[in-house]
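Asks: Based on what follows, work out the 3D shape:
(chains A and B, ligands or ions: 3)
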Amino acid sequence: MSLTIKITNVGRDVHLSLEGVLDENCQLPEFPEVIQGELEICLEKLTMINSLGCRKWAHWIRAQAKTKGGVSLVKCSPAIMNQINILAGFLPEYARVDSFYVPYYCEGCGYEDRVLLTRGHEFDTTGLISFAEEVPCPGCKAIMAMEVLRERYFKFLARKGA
Amino acid sequence: MRVRLWGVRGSLPAPVTPERLRLRLEEVLAQFERLKDQNLPITARQFIETLPTHLTGGYGGNTSCAEVTHGSTRLLIDSGSGLRVFSDLIMKTEPQCNEFHIYFTHFHWDHLIGLPFFAPLYMKGRTIHCYAVHDDLEESLRSVFRKPTFPVPYEVVQKQIRIHKLKPREKARIGELEITPYQLDHPDPCWGVRVEGGGRSLAWAVDTECTRITREELGPDVGLYRDADLMVFDAQYSFGEALEKINWGHSSGPTGIDIALREQVKLALFVHHDPSSDCEAIGQAEDQTRQYFDQLLKARRQSGLKTSDLVWRFAREGEIIQL
Ligand SMILES: [Zn+2]
Ligand SMILES: [Zn+2]
Ligand SMILES: [Zn+2]
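Replies: Ligands and ions are numbered 1, 2, ... in the order given. Alright, predicted model coming up:
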């Protein structure tokens, strides 16, 4: 298992996408110059992160992710959200989570789904704006519940800068 | 092989204050009253079993010292304040015992302060074998027995002491045990130790920041951890604190979990608890590590990787582990 990184320049912004496993063996990119715009990091396909990878990431983001427009994390997978909430220090204060997935599970038929929550729509710096803890299952029409603990999963919203 | 932990605190002894003990007692009795009010049939002993560590015995306040025994061989690792407790017991139960072996990881005071209170050092006919990788082993021991910090000069205990300098990463035999020093990551040179006997192994990795983490970075020092039956690991800080405290030389629970999983350790015990953390805070760090571990296993399952049989906990003073 390894980490695949894609980098694209979009105007003055840099888009980075991480796919796979973030652990001690990962190689994160170096940016020799300050990014003039925003650094957007897509974590949709990050399947696993361990604490050694988290430590490496935390050092990297502080040393390498120098930007004028800030750091934005988008489409954070449940794997990353769980560890962001447990491993304090993953996100420096100037980095924002702009969208993240919430996993749902249907006890009736075992169907699994994830719903994307976006800043300004379902949540903002004050917390959750609109969001359903239960949704109908597209498979069996029973009620699907959130597969995570509310107090834990949304804990990051309380941090400075969120 | 049997391991007994005589001291699990780091940096400085941290005894429970009378006030804290009183508050603990108050909290425990209040909880018991509430149960009695509900007429739940529960004995005092059963009730105590339900309480978290910080409300019962806590984690302990003595600094680094462990005892490893196999057959007729007994090895001590470090001489923190826990050594005095061992000394008291041995004087009562085995006063005739005339040979002791102490391995020193390094000479920070939390690993040395028990030494002047080790009674056999002052008894004729006793031999205390001292082992370390450091060239200045004897000089470091001498520095403990010196006025004005301690009244008895080194010359008084010197007759009982035998100095053994060990080679890095080379096996040495002590009776029925074999020991191999491996380097840890600490501000002053610190050598962890792998102890083997009777087909069982102990990896002692205390006072380490684990700045070298991949197998490549660790190089030959990965041998300390590989397939150990028991790993004793430095978890002085919570994960967040450890991120901030760069070059302080200590680590956290989640880091130990990852190393244990990768190196196929069977049992991991976390020690060197911060003296500034009360037992409740240590309990919280243990809970955080538990959440981390559970999430990691879940992510491994979902990725189709095999999970793990690793057993681990934050260690309490006095624990005995039979391997
Ligand atoms: Zn369903
Ligand atoms: Zn120490
Ligand atoms: Zn030390």
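
Asks: Can you tell me which helix or strand of chain A has the lowest average pLDDT?
Replies: Sorting the helices and strands of chain A by mean pLDDT, DSSP states H and E puts strand A:127-128 at the bottom, at a mean of 80.

Asks: Sheet partners, orientation included, of the helix or strand just after that strand?
Replies: For strand A:127-128, the succeeding helix or strand toward the C-terminus, using DSSP states H and E, is strand A:134-136. Strand A:134-136 has the following strand partners under DSSP bridges: strand A:143-146 (antiparallel).

Asks: residues near A:Gly20, how many?
Replies: A:Gly20 has 16 neighbours, counted by other Cβ atoms under 10 Å in any protein chain shown. From N, CA and C alone the C-beta is placed, and that goes for glycine too.

Asks: same question, A:Lys6
Replies: A:Lys6 has 11 neighbouring residues, counting by other Cβ under 10 Å.

Asks: need the contact list for it.
Replies: Contacts were defined as Cβ atoms under 8 Å, 6 or more residues apart in numbering or on different chains; by that measure A:Lys6 touches A:Leu16, A:Ser17, A:Glu19.

Asks: so which of the residues you listed also contact ligand 1?
Replies: Among these, no residue is within reach of ligand 1 (Cβ under 5 Å from the ion).

Asks: Mark which of those residues are part of strands, please.
Replies: Residues of those located in strands (DSSP state E): A:Leu16, A:Ser17, A:Glu19.

Asks: Turn these into JSON lines, including neighbour count and distance to chain B.
Replies: Formatted as JSON lines, the ones in strands among the contacts of A:Lys6 follow (neighbours: other Cβ atoms under 10 Å in any protein chain shown; distance: Cβ to the nearest Cβ, whole Å):
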{"residue": "A:Leu16", "neighbour count": "19", "distance to chain B": "21"}
{"residue": "A:Ser17", "neighbour count": "18", "distance to chain B": "18"}
{"residue": "A:Glu19", "neighbour count": "16", "distance to chain B": "12"}
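
Asks: And the pLDDT at whatever residue of the stretch 151-300 of chain B ends up closest to ligand 1?
Replies: Of all residues in the stretch 151-300 of chain B, B:Lys298 sits closest to ligand 1, at 20.8 Å by Cβ to the ion. As predicted, B:Lys298 sits at a pLDDT of 89.

Asks: Under a three-state scheme, what state does it occupy?
Replies: At B:Lys298, secondary structure determined by DSSP: H, G, I helix; E, B strand; the rest coil is helix.

Asks: What distance do you get for it to ligand 2?
Replies: 34 Å (Cβ to the ion, to the nearest Å).

Asks: do the same with B:Leu12
Replies: Counting by Cβ to the ion - B:Leu12 and ligand 2 are separated by 9 Å.

Asks: pretty sure that residue belongs to a helix, no?
Replies: No. Counting by three-state DSSP, one finds B:Leu12 to be coil, located in no helix.

Asks: dump the residue contacts of it.
Replies: B:Leu12 makes contacts with B:Thr63, B:Asp110, B:Pro275, as judged by Cβ under 8 Å, 6+ apart.

Asks: PyMOL command to pick out the buried ones of the residues you listed?
Replies: To isolate the buried members of these in PyMOL, using 16 or more other Cβ atoms under 10 Å in any protein chain shown:
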select buried, chain B and resi 63+110+275
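
Asks: just the contacts of B:Leu12 now: which is nearest chain A?
Replies: Nearest to chain A among the contacts of B:Leu12: B:Pro275, at 21.3 Å, using Cβ to the nearest Cβ.

Asks: can I assume that closest one sits in a strand?
Replies: No. Assigned with three-state DSSP, B:Pro275 falls outside any strand and is coil.

Asks: Please report the number of neighbouring residues for the nearest residue to it once chain neighbours are set aside.
Replies: In space, and not counting its chain neighbours, B:Pro275 is closest to B:Ala14: 3.9 Å by Cβ to Cβ, 6 or more residues apart in numbering or on different chains. B:Ala14 sits with 23 neighbouring residues when counted by other Cβ under 10 Å.
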